[in-house]
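Chemist: below are the sequence and a predicted model; questions follow.
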Amino acid sequence: MCSKKIGTKTKISVNDKCIDIIVLNLMPNKIETENQISNILKELPVTVNLEFMYVDTHNYKNIDKDYLRQKYKRLTELKDKNYNGMIITGAPVEHLAFDQIDYWDELTEILEYGKNSVNSTMYICWGALAGLNYHYNVPKYDLDKKVFGVYTHRLLHREEPLLMGFDDEFMSPHSRHSEIRKEDLIDIKDLEILSESSDAGIYIVASKNKRHIFVLGHCEYGPLTLKREYERDIQKDMETSIPKNYFPQNNPNKLPIIRWKAHSRLLFQNWILNYLI
């Protein structure tokens, strides 16, 4: 651990420390997600060792399991290891109840591992829905229409170190069919809503000690990810709308406008520097 660096540039380590992060990659296009997260972290002024893990109880259709065995770790290999941080990605299983997901039992073991063996976990999109449900019994609700595009969000706590350097309003991608609701969070004293959107709903929720950071969007997405998702759905004859605030003049034939890179970099940097070291 911490024997390699992400990317080829020389990094400035913080207090000569190297940061170990384990990523539970639940996305169908695993290599794309690997690259998205790696590309963000390699730009940060800190040495990061990034490792990936997978759930062993799922039947994979989009990637060779030999690749996973060679490049990824299983929970059984991690039980004696401690990491500074963990990232749990989204997953295309929003239409299922949590207990209907074939790897739910294994995921709950991983969530327990994270609670006990890492300084802080960042949960992304469906990962955030799952983490909130498991740790705090927060329900998810199906949406009549997919939240799909790049949305404006506002800060609710300007002094929060996780949001240091953010503008009062900033943008981030979303791509989900489910949501959480504010009324289910208000009475949970350990949780704080840090950011929300008038159009996309709650965006960032965190435990007060920041051991759990729940991000309901896809801050890690690359410039063309929403474009590929839109084209995939069109090819499958699925009812889908053009991603909001993404293509110039709302024209899918034009290259997307990137409005979230600075926010994404700041969010990961603040998380690492304030809560993982």
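Modeler: Great, that's in hand.

Chemist: secondary structure element for residue 114, which one?
Modeler: helix 104-117 (DSSP states H and E).

Chemist: packing partners for that helix?
Modeler: strand 83-88, helix 126-136 (3 or more C-beta pairs under 8 Å, 6 or more residues apart in numbering; DSSP states H and E). Where you see a C-beta, it was placed from the backbone N, CA and C, and this is true even at glycine.

Chemist: which strands and helices lie in contact with the first one?
Modeler: Counting contacts by 3+ C-beta pairs under 8 Å, 6+ apart, strand 83-88 packs against strand 18-24, helix 104-117, strand 118-124, helix 126-136.

Chemist: relative to residue 225, which of these is closest?
Modeler: Smallest distance to residue 225 across these (C-beta to C-beta): 12.6 Å, for strand 118-124.

Chemist: contact partners of the closest one?
Modeler: Under the contact criterion C-beta atoms under 8 Å, 6 or more residues apart in numbering, strand 118-124 has outside partners 22, 82-90, 114-115, 130-132, 210-215, 217-220, 268, 271, 275-276.

Chemist: just the buried members of those residues?
Modeler: 22, 83-90, 114, 130-132, 210-215, 217-220, 268, 271, 275-276 (16 or more other C-beta atoms under 10 Å).

Chemist: and the strand or helix carrying residue 40, how far from the chain's centre?
Modeler: Using DSSP H and E, residue 40 falls within helix 30-41. Distance, stretch centre to chain centre, for helix 30-41: 11 Å (C-alpha atoms, centre = their mean, to the nearest Å).

Chemist: state the mean pLDDT of it.
Modeler: In this model, helix 30-41 has an average pLDDT of 96.

Chemist: thinking again about what came up before, highest average neighbour count across the helices and strands packed on strand 83-88?
Modeler: strand 118-124 (a mean of 25; mean count of other C-beta atoms under 10 Å).

Chemist: ok so, going back, with residue 166 as the reference, name the closest of the helices and strands packed on helix 104-117.
Modeler: With C-beta to C-beta as the yardstick, what comes closest out of the helices and strands packed on helix 104-117 is helix 126-136 (18.4 Å).

Chemist: what is the very next helix or strand once past that closest one packed up against?
Modeler: As assigned by DSSP H and E, the chain's next helix or strand after helix 126-136 is strand 141-155. Packing partners of strand 141-155 (3+ C-beta pairs under 8 Å, 6+ apart): strand 169-179, strand 191-197, strand 201-207, helix 225-235.

Chemist: contacts for the third one?
Modeler: Meaning strand 201-207. Residues contacting strand 201-207 (C-beta under 8 Å, 6+ apart): 128, 132, 135, 147, 153, 162-163, 172, 179-182, 185, 190-197, 212-217.

Chemist: what residues of that strand count as buried?
Modeler: 201, 202, 203, 204, 205, 206, 207.
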